[in-house]
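Asks: dropping a prediction and its sequence here:
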Amino acid sequence: MGVTIDVKNLTKKYGKVTALDRVNLTIQPGEFLVLLGPSGCGKTTLLRCIAGLETPDEGEISIDDQVVFSAERGISVPSGKRRVGMVFQSYALWPHMAVYENVGFGLRLRKIPPKDVRRQVDKVLEDLSMAGLGNRYPSELSGGQQQRVAVARLLASKPPVFLMDEPLSNLDARLRLDMRSELKRLHYQLEVTTVYVTHDQTEAMTMATRVVVMEGGRIRQIDAPQEIYRKPANIFIAEFVGMPRINTFPAKIFMQNGTCWAEMDGIKIPLPWIPAQKEVRAAIRPEDITISVNPLENSPEFQVYAVLPCGPEIYVQVKRGNRIIMIRETRQLDLQMDQPVWLKIDPAAVNLYDIQSGLLLISENGKTAEQPTKGGNK
Ligand code: ATP
């Protein structure tokens, strides 16, 4: 079972750039926590601060009960004594050492007898299906094999914390998918507290027990992947997570016959709750919109702009005026360019955001408060 990592009020500046801005985070034992965000948001800096490779300006970091960094108390435990293992995007293998020596490097540093080093290295190479490659040098390995050596080195030294910085981004798409499964299985078997950095939202969603979304050195949301996807805390996260991208619209809120409605680009949907704002930004995932080839009461007419078949589903773009809406359909619809269509939106799947702050609006009684609705967008 892994250990707890506690990060309190962590700030790190590089000159005028604030890479981390008062970050607070508790990573639970055995968690697979993914730090996600666009380039430059501070993910790597946070990971490196936990590893002891960067010195923060303010704040505190504890690993289990040990304070490994405290700006106030002048504590900074060196990286080698923090019991963390790292895998980098570059793999950082020693080019002049064969696989055996690379994987056993940390064990030799700890003065473990050569016989035991050999036994442990053999075991991890076997576990990672690399048994025959011990005598090869990194230059004699493929990218995927080098990546495995880096993971083998991490596993051999058995640290209670795994820190991984974009470990799969140099691999081709297929290998990346295979390695995701392998890392997930390893995590399932070992239950080691893992912090994993990526800017790839699919990777984050598929691997994480919880995702931390960062922007501008700050944490914007910490949640289970499905919550991040279904209830993004702000419009930035809504647009960052999900492919194809979420549709966003300016929307007007109004009451009619006792029902609260949102109208966006002429489409009207009854809302399951009554927001205080009269003008909001609505966000709807492409799979929460369905296409009708027959007129619908609460939808104006759109034209098919493009049809993009993707195997089991099709992406359809429809147009009205200047607005293009993306729809993800699992039905194999036979649609023609410029054909008139109408749209139906699942009201329960619509998120509303404050226009000024960009924050998700939730009802006073919680996210699921309901109002009685009369009819729908049928
Ligand atoms: P990426 O996905 O591109 O690796 P990131 O989210 O990991 O990005 P960081 O590498 O943590 O971002 O960088 C955060 C900010 O700090 C960026 O503006 C970056 O330019 C800056 N920064 C990081 N390291 C240094 C450094 N050694 N010197 C100066 N500025 C730095």
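Replies: Alright, I've got the coordinates. Everything quoted here is computed from the prediction, not taken from an experiment.

Asks: where does the stretch 101-250 of the chain get nearest to the ligand, which residue?
Replies: residue 199 (4.5 Å; C-beta to the nearest ligand atom). All C-beta atoms are positioned from the backbone trio N, CA, C, and that covers glycine.

Asks: wait, what's in contact with that residue?
Replies: 36-39, 43, 166 (C-beta atoms under 8 Å, 6 or more residues apart in numbering).

Asks: distance to the ligand, neighbour count and secondary structure added to those, as JSON lines?
Replies: Below are these laid out as JSON lines (distance: C-beta to the nearest ligand atom, whole Å; neighbours: other C-beta atoms under 10 Å; DSSP: H, G, I helix; E, B strand; the rest coil):
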{"residue": "36", "distance to the ligand": "9", "neighbour count": "28", "secondary structure": "strand"}
{"residue": "37", "distance to the ligand": "6", "neighbour count": "27", "secondary structure": "coil"}
{"residue": "38", "distance to the ligand": "7", "neighbour count": "14", "secondary structure": "coil"}
{"residue": "39", "distance to the ligand": "3", "neighbour count": "7", "secondary structure": "coil"}
{"residue": "43", "distance to the ligand": "4", "neighbour count": "26", "secondary structure": "helix"}
{"residue": "166", "distance to the ligand": "7", "neighbour count": "19", "secondary structure": "coil"}
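
Asks: close to the ligand: what parts of the stretch 1-150 of the chain are there?
Replies: 14, 17, 19, 37, 39-45 (C-beta under 6 Å from any ligand atom).

Asks: just these: which are in strands?
Replies: Counting by DSSP state E, those place 14, 17, 19 in strands.

Asks: quick check: chain neighbours aside, which residue is closest to residue 214?
Replies: With C-beta to C-beta, 6 or more residues apart in numbering as the criterion, residue 214 has its nearest non-adjacent residue at 3.7 Å, and that residue is residue 37.

Asks: er, residue 296 actually
Replies: Closest to residue 296 by C-beta to C-beta, 6+ apart is residue 342, at 4.1 Å.

Asks: okay but the one you found is in contact with residue 289, surely?
Replies: No - using C-beta atoms under 8 Å, residue 342 is not in contact with residue 289; the gap is 10.7 Å.

Asks: need the max-distance pair from the contacts of residue 199.
Replies: 38 and 166 (13.1 Å; C-beta to C-beta).
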